[in-house]
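Enquirer: here are the coordinates; sequence isn't available:
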């Protein structure tokens with residue numbers, strides 16, 4: 001449970017960092033940015049466990065979470081462009 005709370009806290013900050021790092025103008029409000037960061041953090045956590053980088057139940061690191069959020073931003077932009 002503590003690992004999930006850590007993932008959420010890291011994710012809230014990560015969303016804002018990922019939007020600042022990724023080039024382009026993503027039209028997301030601050031709440032969706034926070035949700036993006038949380039999702040990126042969860043993505044990084046589960047990918048890291050699958051690759052053996054993290055132990056099960058451990059929160060993702062900052063850099064991995066930012067990379068996960070940036071990947072989700074690119075996917076969001078690609079899906080939005082297709083629609």
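Expert: Yep, that arrived. Here the structure is a predicted model, which means the values were calculated and not measured.

Enquirer: Specify the local secondary structure of residue 58.
Expert: coil (DSSP: H, G, I helix; E, B strand; the rest coil).

Enquirer: residues in contact with the nearest residue to it once chain neighbours are set aside?
Expert: Nearest residue to residue 58 in three dimensions, chain neighbours excluded: residue 3, at 6.1 Å (Cβ to Cβ, 6 or more residues apart in numbering). For every residue, glycine as well, the C-beta is placed using N, CA and C. For residue 3, the contact set (Cβ atoms under 8 Å, 6 or more residues apart in numbering) comprises 45, 57, 58, 59.

Enquirer: Where does residue 63 fall, secondary structure wise?
Expert: helix 62-82 (DSSP states H and E).

Enquirer: and the next element down the chain from the helix or strand in which the residue nearest to residue 58 is found?
Expert: Assigned by DSSP H and E, residue 3 belongs to helix 2-21. The first helix or strand that comes after helix 2-21 along the chain, using DSSP H and E, is helix 30-51.
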